[in-house]
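>>> Got a sequence here, can you model it:
(3 chains)
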Amino acid sequence: MADPRFFHRTDAKILADLAHHIGATLACADDAGYVVHDVAPLDRAEITDLAFFDNRKFLHAFKTSQAGACIIRPSAQAHAPHGMRLLLTDDPYRGYARIAQLFYPSPTARHDHHPSAIIDPTARIGSDCTIGAGVVIEAHVEIGNGCIIGANSVISHGVMLGDGCHIGALCSISHALIGRGVVMHRGVQVGQDGFGFALSRGGHIPVPQLGRVLIEDGVEIGSNTCIDRGANSDTIIGAGTKIDNLVQIAHNVRLGRGCVIVGQAGVAGSSVLEDGCVLGGQVGVAGHVRIGAGAQIAGQGGVTYDLEGGKAYGGCPAVPIKDWHRQSVKLAQLIHPKRSS
Amino acid sequence: MADPRFFHRTDAKILADLAHHIGATLACADDAGYVVHDVAPLDRAEITDLAFFDNRKFLHAFKTSQAGACIIRPSAQAHAPHGMRLLLTDDPYRGYARIAQLFYPSPTARHDHHPSAIIDPTARIGSDCTIGAGVVIEAHVEIGNGCIIGANSVISHGVMLGDGCHIGALCSISHALIGRGVVMHRGVQVGQDGFGFALSRGGHIPVPQLGRVLIEDGVEIGSNTCIDRGANSDTIIGAGTKIDNLVQIAHNVRLGRGCVIVGQAGVAGSSVLEDGCVLGGQVGVAGHVRIGAGAQIAGQGGVTYDLEGGKAYGGCPAVPIKDWHRQSVKLAQLIHPKRSS
Amino acid sequence: MADPRFFHRTDAKILADLAHHIGATLACADDAGYVVHDVAPLDRAEITDLAFFDNRKFLHAFKTSQAGACIIRPSAQAHAPHGMRLLLTDDPYRGYARIAQLFYPSPTARHDHHPSAIIDPTARIGSDCTIGAGVVIEAHVEIGNGCIIGANSVISHGVMLGDGCHIGALCSISHALIGRGVVMHRGVQVGQDGFGFALSRGGHIPVPQLGRVLIEDGVEIGSNTCIDRGANSDTIIGAGTKIDNLVQIAHNVRLGRGCVIVGQAGVAGSSVLEDGCVLGGQVGVAGHVRIGAGAQIAGQGGVTYDLEGGKAYGGCPAVPIKDWHRQSVKLAQLIHPKRSS
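Numbers count the residues shown, from 1 in each chain, chains lettered A, B, ... in the order given. The predicted structure follows:
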């Protein structure tokens, strides 16, 4: 189980209720009343735990698991160990995620403004907000209901946050309108000047950055990630997009809905990622590029021109991923010609 | 116009004054008294706005723009829509930047030390400085006139800042001597130990880092960027150099004047960039390398040995950029031989 | 000498004591009483300074150095300038590091809790701890003796730190058990949620991250580096491992002992680096990969599958480093066929 020093687990639950919660079917109706105390991975689960199995790589762990209950695809029933209670669903990992949230819910906000927080009298703070120690909230900020603002974070003049946002410690937010249920981890910087200069030998002149950052509902942003505000339009992060740690999002960038941006990736100014794009770790996207919906770029790839949606790419400059793999093979053959065939 | 929630625009201005301010010529002297209320991009400008046109990619937007006035090169006059008032100059973007600064000036410091700031009595703070909430200023710090120190930033023992520096929220600065007009965005870390260890199987021993960080006038540093202090000499950032977000500058590095370092680039220990170098996003420069004045490295390039100035490079290891492009083409041909010719 | 504005040097020392301290031999016993006032590099050392020489690249500097004393390998004696006092050892750089620490020791903690720090009454703080201004220490935190916590850092519920840890300004630590003598520079984020989502078109569901971060003794972590807590097991950083700035360590990663992770490198979820691995700057390691003990990956390399220990690799995907160099040469030949031979 999760270390009780750090995690608070809720009460035990009845298997039928868990199945109902995720829309799964019990393989055996007699298991409906089985009591589950916790979630655990297959190899460490005990008789009172619920696990999940969704990847054939873990077939052995599934077959030998001591878990009292397990979420699986219907097709995996034949491999289940004798006596294991089974919840059948087409997306076991998603089911596991939702049940794990029941056992270990996110911290909930409650009305608690730490006395050391500096809150401007013109700021409007919703009900049931937790404002941490040392937080600075400037004039005309508006914060919705049920938000958490972590210690020593700084929310600048005029920023709006929707209901249910969780902002980690040591974040700064300015020039931004933020939707509901947005999560920022620690050290996130949102709304600073983009990198805009009129370059010249006589000295690079900063160009006033007059746009905003618009972050839609349900976005999650990893630690120490930076999102610059727009230069002459807005920087936009679409609903439900998930951004990992140490990512750079430059001015005027538009990310569609449901994108996934893995750690240390960067998107340069004015580029557009349509809905559902995935950037692997350390991917770089040049400025003024458009990536079509659902495109996926493998880690460390470099995108320097527009890419069609719905496909996977790799390499720098990025090419269709099969071509990238073939290039690697070809390079290996060039230096080891005897191995080529 | 820029969102008034976040941006304060100054009063309307006379076209002749704007032309004078940037050294431009009015195409038609009768336009001298025209009143401009704002700046805007070509495609969104209205009759009271000033725009600029400097890139043939936007020729259509120029021809169809509703802007009341526009800054252009003399050679572009023939394409201007009828009735548009024209300011002629050889560098329209630079002119636009300077006029946009008039309409939307940077925040100015004024005497305001937030009562929650912790300022050591031995620190010397110049006149008209804005010291934010929760700021920590340690002993023997010296801060010039007209500086802004953002909320919850930490200025350590003995640091000196020149006049007119703007330090964002959540920065820390130690072991540094900083010139005039230096801008740091949020979360910038300056002056920490460089990564110096005597490596050995028995345990890596830290080597005391005894240098400083010297930042010259007019440098700008992006959010969450790190600049380590020197090990046995100083880390130096030359005047007017602009550094983007999430950049790593290691110990003993020397950047010349007017360099441009784009987001997530990194320069390893003791390397030297001469004046006017440009590193694209995610470029890596190995340790003990020298890059000649005015060299430009394309995004994700890797510099592992000295490079001659005045040229463009790409790839890892970096080669002249034309060679890099040819390598990409050649690789594509190797796997698609029918397309080669 | 180091700038006294920032560095405090201890008293002069007798050469025999210095030799004894690092287990070196005096080349000439008559030099035992020589008084050393400072350390300095070969080219700037004066008669009262101690330098070291360990790299033939600096042979000229050694031959012409004014240093009063120098740490060298026994084999280098023949090149020493006349009259220079010599300390003989097999690892001069390590010897220099340890003597430099004598002249410029790390700051030591002393009992000093800044009155602006917010310390929960249930937290247990050891003796002789320096707690900076604006620090937030939450409930049930336990901090060992002789720790320094930098200004405005946030130590969350239940975190444990061993004796002698130095935490820089503006760090946040949660869900972590930390050993003795651990150093974190500024802006380090430890213990936040890993990037774990059940991806789906209907919306990416966050998977509760129920593991911890375990950091063993003597680890050092660079500025603005992020270490996520485990998802279902722990993220572990082995004893003595050194991590540079802006590094990303994802959930469930295990780094062995004595690893060296250079700036802007990233390790994706569940990957394992065995003892003594070295990742160059900007290296990326994909998820679920194992790298054998002592493997070294050159800067910007990309590791996408398991690598055998004890070898050097480069490129993306990473190959043995000689092959990577040969690939670069071969590519150059392909586009300049006349130069190939």
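>>> make it CA atoms for all contacts and neighbour counts henceforth
Will do.
>>> How about the contacts made by residue A:158?
A:138-142, A:174-175, B:5-6 (CA atoms under 8 Å, 6 or more residues apart in numbering or on different chains).
>>> can we see that at 7 Å?
Each residue near residue A:158 by CA atoms under 7 Å, 6 or more residues apart in numbering or on different chains is listed here: A:139-141, B:5-6.
>>> repeat for residue A:79
residue A:63.
>>> Kindly indicate the member of the contacts of residue A:158 with the most neighbours.
Of these, residue A:141 is surrounded by the most neighbours, 22 neighbours in total, counting by other CA atoms under 10 Å in any protein chain shown.
>>> Distance-wise, check that one relative to residue A:157.
Counting by CA to CA, to the nearest Å, the gap between residue A:141 and residue A:157 amounts to 6 Å.
>>> now residue A:229
For residue A:229 relative to residue A:157 (CA to CA), the value is 14 Å.
>>> Of those two, which one has the most company?
Using other CA under 10 Å, the more surrounded residue of residue A:229 and residue A:157 is residue A:229, with 30 against 22.
>>> Would you check that the more buried one makes contact with residue A:196?
No: under the criterion of CA atoms under 7 Å, residue A:229 makes no contact with residue A:196, lying 10.9 Å away.
>>> is it fair to say residue A:329 lies in a strand?
No: under DSSP: H, G, I helix; E, B strand; the rest coil, residue A:329 falls outside any strand and is assigned helix.
>>> Please, which helix or strand holds the residue in the stretch 51-200 of chain A positioned nearest to chain C?
The stretch 51-200 of chain A approaches chain C most closely through residue A:97 (4.6 Å), counting by CA to the nearest CA. Counting by DSSP states H and E, the secondary-structure element that holds residue A:97 is helix A:92-103.
>>> could you say what helices and strands that helix packs with?
helix A:15-22, strand A:49-52, strand C:197-198, strand C:205-206 (3 or more CA pairs under 7 Å, 6 or more residues apart in numbering or on different chains; DSSP states H and E).
>>> Are the third one and chain A in contact anywhere?
Yes: taking CA under 7 Å from any CA of the partner chain as the criterion, strand C:197-198 and chain A are in contact, through residue C:198.
>>> Output the contacting helices and strands for that strand.
Helices and strands touching strand C:197-198, by 3+ CA pairs under 7 Å, 6+ apart, are helix A:92-103, strand C:205-206.
>>> Could you pick out the residues of the stretch 201-341 of chain A near chain B for me?
A:203-208, A:210-211, A:224, A:226, A:232, A:326-327.
>>> show me what contacts residue A:187?
Neighbouring residues of residue A:187 by CA under 7 Å, 6+ apart: A:169-171, A:223-224.
>>> can you give me phi and psi for it?
With angles defined as degrees, to the nearest 10, residue A:187 sits at phi 70, psi 20.
>>> Tell me where the model's unsure across the stretch 51-200 of chain A.
Applying pLDDT under 70 to the stretch 51-200 of chain A picks out no residues at all.
>>> Bridge partners for the residue of it found nearest chain B, pull those for me.
Going by CA to the nearest CA, chain B is nearest to residue A:198 of the stretch 51-200 of chain A, at 5.1 Å. Note on residue A:198: beta-bridge partners residue A:205, judged by DSSP bridges.
>>> which residues does it contact?
A:204-207, B:93-94, B:97.
>>> same deal with residue A:153?
A:135-136, A:169-172.
>>> Which residues of the stretch 1-150 of chain A lie near chain B?
A:134, A:136.
>>> Let me know whether residue A:184 touches residue A:164 as I believe.
No: in this structure residue A:184 lies outside contact range of residue A:164 using CA under 7 Å: 11.7 Å.
>>> Quick one: check stretch A:109-125 for contact with chain C.
No: with CA under 7 Å from any CA as the criterion, chain C is not reached by stretch A:109-125; the gap is at least 8.5 Å.
>>> Nearest residue to the middle of chain A?
Nearest to the mean C-alpha position of chain A, by CA atoms, centre = their mean, lies residue A:242 at 3.1 Å.
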